[in-house]
Every structure is written in C-alpha cells, then in structure tokens.
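A.B. asks: Whatever this is, show me its structure:
(2 chains)
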Amino acid sequence: MKARFAVIAILAFIGMVDALYLSIKRNAGPIPCHVTHGCTDVLTSRYSEIAGIPISWFGAGFYIVMFSLAAFKVFEDPKYPSQRLTGLVFYLAGAALVVSSLLVGIQAFILKAFCEYCLLSAALVFSMFLLAPSPARRKLPE
Amino acid sequence: MPKAVKPLIVIVLAVAVAAGAAVYLSRQPDQTEITAAPTHADIKGGGHIRGLEKAALTLVEFGDYQCPSCGAYHPLVKEILNRYPQQLRLEFHHFPLITIHPNSMLASKAAEAAGEQGRYWEMHDALFDHQREWSDSPNAEPIFVALASQMGLDSNKFMQGLRSPQLQDRILRDVEQGQNAKVDAVPTFFINGERVHIKLSMEDFVQVIEAHLPK
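C.D. replies: Next up, the predicted model:
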C-alpha cells in the first residue's frame, strides 16, 4: 500500500512542476508547444482562469496538497493506518478527475485546441485516481 | 523526532525543488523555435499600415482575429504605437489559422470589407475588442454585420465585401507571405524584417522597441 502512495507522491511532484511552470510561463510570452500546437489558445482563453486567477495556480495547490497527503501516508505507522487520509486522497483525486475531464472537454469541444501541459496534468490526475485505494474497500472476514 | 516531522521535511523540500525546476524551465529559451525559424524575413509589404509612413521602425504582425493570444497582445500593440508615434508603425498581415479557428477567415474578410469603406482599423479594433462575443459563435456573420452597422458602415457594401473573392485573395496573399517567412504561430512579430519574440508585457514590448530604435 505504501508503494501506491509513493507513486502518487511522485506523480503529484511531476504535476507540481507542470502547474508551476505553466503559472510562471503564462504571462511570459508564447509557451513552447511542439506536440499539440494549441497551448497559447488554451492558456489565454476565457476558460483559463477563475475570478482572474489562472487555473494552473489552483492545479499547483491541488498537487501540493496531494503530495502532502501521500507523503503522510508513506511515513505513517503501518500498524495504525489512517483511513481518513486514505479517504482524503481518494476523494480529492476523484474531484480532480471530474475537473480535469471538464477541462479536457472544453479543449476538445469548445476551444478545439489542446495544451500538452494540460493533457499531461489530466493524465497524472487519472493515474492518481486509479492508484488511490478506495476507503470503502473492507477486508473480507476470514 | 516527532512522527510528523519527516513528511513535513519531505513536503517542504519537494515544493522547493518543484518551484526551482519550474522557474529554471520557464527561463529556458525555446530551442526548436530558435533553430527552426529564420531570424530574418523579407516581407514585401502589402499589409495594412497604422502609423507614420516615414517611421524608422516597422512592426510587422502576422495575426489571426480569432486567436485569443492575438487578442491579448492587441492592447499592447496599440499602447506601444501610442508610446512611439514618430518612430514606430504597424503593418498587420492576416494569418487566419482556419483549421483551429473556423471564424478567423470571415473575421479577416470583415476587416477587409470595412477597409473597402475606409474603416479597416476601426473594424480591426472592434474584432479584437469583441472577440469573445463572436469567437465561438456557429454563425458569426450577423455579429460582424452588427459591428459594421454600429460603425455606420453601408451594410450592403459590407455584405458584398464579405463575399468578395478579391478580398479573399488579398488575405491569402498575406498568408502566403507568412508561410514564406516561416510563420507557424500567431501572433508572430517582425521589426524591420527581424523576427522578434515579445513577451505578453508592456515592459518587454518597450524593451524590444528600444533595442531596435536607431541610436
């Protein structure tokens, strides 16, 4: 189980770099976009911010929280595993998956342009959700 | 050592390393762009000129009216022209990316149709200022016609302009010039033929213009 949270922490770390890079680079001219060629369109669209704050900053916050939760799970005493932390990781990853799907949908159907950094983030969120153990899972009685 | 200290150290370290990596990466020049795109281009005029004919510097912009980035740069371009009215002029070329911006060609035609009535720059500004209203519209033509009416243009002439093959040819000549200059993104800027990368900030615009002003 610890290995899963270690992988989640690594994915969250990659996500942190990705989201912070986008946040810093956003107002610093065209963003290199060699695969999808639509990064600037996506990142300057009306959907790229909420109340004037770029979505990438929210993403960075999410990844920092996910990394922190996963780190606490990795270092917790295996004799007393925290179900609350496990639940938080699972539900947070689930909520992020919903938001990520929405953002990918906006890219595909409204903007008709893709940002490779955003797609990487969506892939990371999807992987984290798959890895996050469901808190509802109970051991079967022997 | 309390149990929570270890993960806290790891978290602080990870955030610091991630922030450092992000800052480092954001300061790296775009190598592919630098090596793939030529630094100079022979742009043979033909664009719409805004500013003094005798200005020392010509800022050539290849732009797409539906491109959000071009819309974001538009107020900066206007501001920089106001700051250097004697030294700088703008030469705008159409470069509609029709595969990802389905309304961009019609928008360029709208600007050209307004230009036929001597109001090109008013429509140019209006298209960028109202970009969000028409950008995602499945039928942008009535919005352009409404903009033309607000500007007091002759609607019939404007409509004829939207369907004019001559105006479309003019736009396509701009696109061809852009392709010859290896333009592959919008907006792409040149100053006196030299391709320049300008960040989305007034400070950077001023810096780039100052660096090109004759000493």
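
A.B. asks: Pick out the residue closest to the middle of chain A.
C.D. replies: By CA atoms, centre = their mean, the mean C-alpha position of chain A lies nearest to A:Val125, the distance being 4.0 Å.

A.B. asks: Just want the phi and psi numbers for that residue.
C.D. replies: Main-chain dihedrals, A:Val125, degrees, to the nearest 10: phi -60, psi -40.

A.B. asks: Please tell me I have it right and it contacts A:Ser100.
C.D. replies: Yes. With contact defined as CB atoms under 8 Å, A:Val125 counts as touching A:Ser100 (4.5 Å). Using the backbone N, CA and C atoms, a C-beta is placed for each residue, glycine as well.

A.B. asks: Mind listing residues that contact the least confident helix or strand in chain A by mean pLDDT?
C.D. replies: Using mean pLDDT, DSSP states H and E, the weakest-scoring helix or strand in chain A turns out to be helix A:39-43, at a mean of 78. Residues from elsewhere that reach helix A:39-43, judged by CB atoms under 8 Å, 6 or more residues apart in numbering or on different chains: A:22, A:26, A:30-33, A:48, A:54, A:56, A:107, A:111, A:113-118, B:67-69, B:100, B:185.

A.B. asks: quick one on the thing from earlier: need the pLDDT of the residue nearest to the centre of chain A.
C.D. replies: For A:Val125, the pLDDT comes out at 97.

A.B. asks: Please list all residues in contact with it.
C.D. replies: For A:Val125, the contacting residues are A:Gly15, A:Ala93, A:Ala96, A:Leu97, A:Ser100, by CB under 8 Å, 6+ apart.

A.B. asks: Can you add distance to B:Ser26 and give these back as JSON lines?
C.D. replies: Converted to JSON lines, the contacts of A:Val125 look like this (distance: CB to CB, whole Å):
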{"residue": "A:Gly15", "distance to B:Ser26": "16"}
{"residue": "A:Ala93", "distance to B:Ser26": "27"}
{"residue": "A:Ala96", "distance to B:Ser26": "23"}
{"residue": "A:Leu97", "distance to B:Ser26": "27"}
{"residue": "A:Ser100", "distance to B:Ser26": "22"}
